[in-house]
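Peer 1: All I have is the shape, not the residue letters:
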């Protein structure tokens, strides 16, 4: 019983990070119809900056602020400096340019920081707390839950209750009509990139202590996992990203506990193939969204 | 190579694919019969084989590596350019070919098979294994567009090292294992070095791949692929099955990559998952884009570039007076940065790549001289 609860807790914590990262993918997809293959590398770059701040000041809170600011700055740079110049004739072009950006970022991080993994110290214990003699969750896991819940709620409020969110939804839905109504579509795209990149960076920073370790290639596997999550949820659906993220996290934890850590990526591959074969439009996506 | 008069009556321009004239004359002149094209392939192959005598052993080794990459890039270039499917998993297909080659070659060595079988059979098994994997992935990805297929193939290549680690008894885990290959024949040993022989094997395999793919480019199948890529409903109306077309090209592309993996296993005489990781997949993509998406000549250019750039960057880092640690970090990473920059710049500034630039230049020169029958330059 306690093992099941512990697995569930660890799985949900892992899934919360996937959900957050997948949410970042969904944000860009909704704003620009680009699946951002550079998401992982961008997030890892901002996590490295947060790591520098953490080593310098010792404050995890400051590191979180740094990762958000750095993530937004990197997103701004990517959109204004690169992605808006990509010819949109074919969706492949933006993927290829994003992959070029991945190579530049991971290569530079490797040159600057080396290939070894950096440990990140967190101010919360990672030993599970006991409730009535049953070990359930660790304080760090609880902290991850709270942060993810706050960010998801914040994004939901932003999109449904504010005029900025309305303008962003309008430009994502139909940029021509939005422009005619006075929405600055290109500014909305930039904001979408900044928001998404900040959220992605936060996800990586939260995952580093328990999951990834900070290395230039930390983002590769997380990106694949989060991409799978986003596909399961439907690239258009933030709710789908969160639910699918939690489910995938639990599944992955169960699989790796049963058969060992190396089975994880194979399970993700099988899951992705099955979902794409059975329901390519995603579980939570109602409209036909597959035409990239 | 100059454009010669076709022996058979060429099709009227209106029904011939428009790109055929402007893009493919370098490797595949429009209007040549299959016999002429294979003849040209053989002549170029003989010239290339003779050319290996001009190279020292290390350069021959690099040439052998380049031929392995040519197989991978040629299939990928046609896949991306002709059907609009982006695969980030071609390293996994090369790995499938390499492991299949290794298992077969080692088994044949244990059985003390005759040398010709020991040389040829492993390549045959490599191409079968990789095309089977390609068909499976192709079927899963046939209904997918752009980012979805890219994500699926990315997951495949990321899972590769997990697969070899999980079944480490079979695949030798992270370290991989040695491949016992059939070396050069005795009577050649006094004439050529082992590296030159490896380059010969690679050149022959690459010539077969390029020859076969150049037939494909000039066949009705190429037209079907473009129809599916450009307008799927219209292609369906013309009786073309998009799924068959996509899956077919995916399988062919994977088969070519698998042969490249076989060459790589033959040349390096070892297989390990590290050699076929995400980096190799990205390098293949870079090569395709640099060379010119959708062209075979571009694939050759690109393969040469991805072999040469790491050589140049590591020569540079060795030449610079740097502390040992920094130079170790620069080694490898610098090449990746350079490739990333090239990829972005080419994509933004010259989407048709080296081949497009060269072809444009040549056709401009021809128009200048006012030769009759010169291809009309476009873009």
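Peer 2: Okay, I see it. Not measured: the values here are computed from a predicted model.
Peer 1: And the longest helix out of those in chain A, what's buried?
Peer 2: When chain A is parsed with DSSP state H, its longest helix is helix A:2-32. Of all the residues in helix A:2-32, those buried under the rule 16 or more other Cβ atoms under 10 Å in any protein chain shown are A:6, A:8-32. In short, each C-beta sits where N, CA and C put it, glycine included.
Peer 1: just stretch B:298-312 next, same as before
Peer 2: Residues B:298-307, B:309-310 are the ones in stretch B:298-312 that count as buried (16+ other Cβ under 10 Å).
Peer 1: now those in CSV, with distance to chain A, pLDDT and secondary structure?
Peer 2: Listed next are these as CSV, based on distance: Cβ to the nearest Cβ, whole Å; pLDDT from 0 to 100; DSSP: H, G, I helix; E, B strand; the rest coil:
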residue, distance to chain A, pLDDT, secondary structure
B:298, 14, 87, helix
B:299, 16, 90, helix
B:300, 20, 91, helix
B:301, 17, 90, helix
B:302, 13, 90, helix
B:303, 17, 92, helix
B:304, 19, 91, helix
B:305, 14, 91, helix
B:306, 12, 90, helix
B:307, 17, 91, helix
B:309, 12, 89, helix
B:310, 12, 88, helix
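Peer 1: For those, work out which two are farthest apart.
Peer 2: Within the buried residues of stretch B:298-312, B:298 and B:310 form the most distant pair, 19.6 Å apart (Cβ to Cβ).
Peer 1: Assign a three-state SS to residue B:40, would you?
Peer 2: Recorded secondary structure, residue B:40: helix (DSSP: H, G, I helix; E, B strand; the rest coil).
Peer 1: lowest-confidence helix or strand of chain A?
Peer 2: Least confident helix or strand, chain A: strand A:134-135 with a mean of 66, by mean pLDDT, DSSP states H and E.
Peer 1: where's residue 112, which helix or strand?
Peer 2: Picking chain A for this. Assessed by DSSP states H and E, residue A:112 sits inside helix A:91-113.
Peer 1: near chain B, which residues of the stretch 51-200 of chain A?
Peer 2: A:82, A:85-87, A:90-93, A:95-97, A:99-108, A:110-111, A:114-115 (Cβ under 8 Å from any Cβ of the partner chain).
Peer 1: what ranges do the strands span in chain A?
Peer 2: A:130-131, A:134-135 (DSSP state E).
Peer 1: ugh, typo on my part, it should be the stretch 51-200 of chain B
Peer 2: Remark: strands assigned in the stretch 51-200 of chain B by DSSP state E, counting those that start in this stretch are B:177-178.
Peer 1: Tell me the residues of it that contact chain A?
Peer 2: Contacts of the stretch 51-200 of chain B with chain A, taken as Cβ under 8 Å from any Cβ, map to B:80, B:84, B:86, B:88, B:140-141, B:143-148, B:150-152, B:154-156, B:158-159, B:161-163, B:165-166.
Peer 1: Run through the residues that contact residue A:15.
Peer 2: By Cβ atoms under 8 Å, 6 or more residues apart in numbering or on different chains, residue A:15 lies in contact with A:245-250, A:252.
Peer 1: Of those residues, which is the nearest to residue A:145?
Peer 2: For those, the minimum distance to residue A:145 (Cβ to Cβ) is 10.2 Å, reached by residue A:246.
Peer 1: any idea how far the closest one is from residue B:219?
Peer 2: Here the criterion is Cβ to Cβ, to the nearest Å. By it, residue A:246 lies 50 Å from residue B:219.
Peer 1: Next: residue B:239.
Peer 2: 17 Å.
Peer 1: Output the contacting helices and strands for the helix or strand residue B:366 falls within.
Peer 2: Following DSSP H and E, one finds residue B:366 within helix B:353-369. Counting contacts by 3 or more Cβ pairs under 8 Å, 6 or more residues apart in numbering or on different chains; DSSP states H and E, helix B:353-369 packs against helix B:19-23, helix B:278-291, helix B:296-319.
Peer 1: Could you pull up the mean pLDDT of it?
Peer 2: Averaged over helix B:353-369, pLDDT sits at 80.
Peer 1: How about stretch A:41-50?
Peer 2: 93.
Peer 1: Low-confidence regions, the stretch 101-250 of chain A specifically.
Peer 2: Along the stretch 101-250 of chain A, the model assigns pLDDT under 70 to residues A:126, A:128, A:130-136, A:212.
Peer 1: and the gap between the residue nearest to residue B:240 when sequence neighbours are not counted and residue B:341?
Peer 2: Leaving aside its chain neighbours, residue B:240 sits nearest to residue B:224 (5.0 Å; criterion: Cβ to Cβ, 6 or more residues apart in numbering or on different chains). Going from residue B:224 to residue B:341 by Cβ to Cβ gives 36 Å.
Peer 1: Same question for residue A:117.
Peer 2: Between residue A:117 and residue B:341 the distance is 26 Å, computed by Cβ to Cβ.
Peer 1: Residue B:240 now?
Peer 2: Residue B:240 sits 39 Å away from residue B:341, going by Cβ to Cβ.
Peer 1: Same question for residue A:193.
Peer 2: As for residue A:193, its distance to residue B:341 is 21 Å (criterion: Cβ to Cβ).
Peer 1: between the two, who's got more neighbours?
Peer 2: residue A:193 (27 against 15; other Cβ atoms under 10 Å in any protein chain shown).
Peer 1: Now do the contacts for that one.
Peer 2: A:28, A:31-32, A:75-76, A:78-79, A:83.
Peer 1: do that again at 10 Å, thanks
Peer 2: A:27-28, A:31-32, A:34, A:36, A:42, A:72, A:74-80, A:83-84 (Cβ atoms under 10 Å, 6 or more residues apart in numbering or on different chains).
Peer 1: Pull out the buried residues from those.
Peer 2: Using 16+ other Cβ under 10 Å, the buried members of the contacts of residue A:193 are A:27-28, A:31-32, A:34, A:36, A:42, A:72, A:74-79, A:83.
Peer 1: who's more crowded, residue A:246 and residue B:219?
Peer 2: residue A:246 (20 against 12).
Peer 1: and the closest residue to chain A within the stretch 201-350 of chain B, what helix or strand is that in?
Peer 2: Nearest residue of the stretch 201-350 of chain B to chain A: residue B:340, at 3.0 Å (Cβ to the nearest Cβ). Element membership for residue B:340 (DSSP H and E) is helix B:324-349.
Peer 1: tell me which strands and helices that helix is in contact with?
Peer 2: Secondary-structure packing of helix B:324-349 (3 or more Cβ pairs under 10 Å, 6 or more residues apart in numbering or on different chains; DSSP states H and E): helix A:91-113, helix B:278-291, helix B:296-319, helix B:353-369.
Peer 1: That helix: which residues count as buried?
Peer 2: Buried, per 16+ other Cβ under 10 Å, within helix B:324-349: B:329-340, B:342-344, B:346-347.
Peer 1: Okay, helices next: where are they in the stretch 151-292 of chain A?
Peer 2: A:163-173, A:175-180, A:185-207, A:218-233, A:238-259, A:263-278 (DSSP state H, counting those that start in this stretch).
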